[in-house]
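1. Sequence plus the predicted model coming up.
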Amino acid sequence: MKKINFIHIAKNGGSSIKEYCNNNNKLLYNGHDAKISNLDNQMIIIRDPYSRFCSAVKYAIDNYSNSEKIKKIIDANLIEPEQWLNAWENENHEYHHLIINEITNEEHTIDSKKISLKWTYSPQYYWINEKKLKYIIPFDNMNKHFLELFGDKIPVKNASSNIKEYNLSNKSKEFLKKIYKKDFEFIEKYPTFTTFI
């Protein structure tokens with residue numbers, strides 16, 4: 001079997017896959033800054049943008065509560081994804097600047113190009129090169145598909161407990177649909193496990 005280049009899309013289970021790649025000679029790990037234009041035989045895990053955003057917020061709150069930006073957000077009592085979205089979409093919101101400061105990218109690149117949002121908040125399509133794709137695996141069923149493809153389960157790493165949509169309002173969902181429009185279109189095009197032979 002030709003080696004597969006796994007592309008780590010942020011917040012899509014890639015930390016577990018990275019560990020898996022260390023013990024599997026069929027998969028090569030490529031981080032968030034992957035050179036997707038140069039790599040053949042690519043594999044990605046794609047995730048519902050609602051749960052991905054909620055996971056990104058939870059990850060920031062749980063893991064970076066000592067950072068200046070997240071501390072200010074927590075001090076403003078913005079601890080739920082819905083609260084972040086209300087502040088993000090409304091420029092007149094009292095704490096709009098806190099969310100913008102957190103999500104805005106200063107140094108992250110994908111395929112050597114600087115992106116406007118940090119990896120964890122960036123649209124997934126930034127990591128997608130359909131011409132080079134071999135496997136598209138849905139996040140919710142990745143263990144099943146890895147078991148079918150490689151005969152092994154994925155180790156659990158950085159698992160988010162009870163990640164859900166946190167009862168996002170319709171207004172917030174509509175906002176996310178605009179931000180992640182191309183992600184939703186991609187998922188609609190490839191809703192299940194897909195392999196390109």
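-> Thanks, I have it. Numbering: from 1, shown residues only.
2. Could you pick out the longest helix of the protein?
-> Longest helix in the chain by number of residues, with DSSP state H as the criterion: helix 49-63.
3. Please name every helix or strand in contact with that one.
-> When contacts are defined as 3 or more Cβ pairs under 8 Å, 6 or more residues apart in numbering; DSSP states H and E, helix 49-63 sits against helix 68-75, helix 81-89, helix 170-179, helix 181-189. In short, each C-beta sits where N, CA and C put it, glycine included.
4. among the ones you listed, which is the most enclosed?
-> helix 81-89 (a mean of 21; mean count of other Cβ atoms under 10 Å).
5. how far is that helix from where the chain is centred?
-> 18 Å (Cα atoms, centre = their mean, to the nearest Å).
6. With only the CA atoms kept, save the longest helix of the chain in PDB.
-> Only the C-alpha atoms of helix 49-63 are listed here, as PDB (Å, rounded to 0.1, in the frame of the first residue of the first chain):
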ATOM      1  CA  PRO A  49     -18.400  23.000  11.800                       C
ATOM      2  CA  TYR A  50     -20.800  23.600  14.700                       C
ATOM      3  CA  SER A  51     -19.200  20.900  17.000                       C
ATOM      4  CA  ARG A  52     -15.700  21.900  15.800                       C
ATOM      5  CA  PHE A  53     -16.200  25.500  16.800                       C
ATOM      6  CA  CYS A  54     -17.600  24.500  20.200                       C
ATOM      7  CA  SER A  55     -14.600  22.200  20.600                       C
ATOM      8  CA  ALA A  56     -12.200  25.000  19.800                       C
ATOM      9  CA  VAL A  57     -13.800  27.300  22.400                       C
ATOM     10  CA  LYS A  58     -13.700  24.500  25.000                       C
ATOM     11  CA  TYR A  59     -10.100  23.800  24.200                       C
ATOM     12  CA  ALA A  60      -9.100  27.400  24.500                       C
ATOM     13  CA  ILE A  61     -10.900  27.800  27.900                       C
ATOM     14  CA  ASP A  62      -9.600  24.500  29.300                       C
ATOM     15  CA  ASN A  63      -6.000  24.700  28.100                       C
END
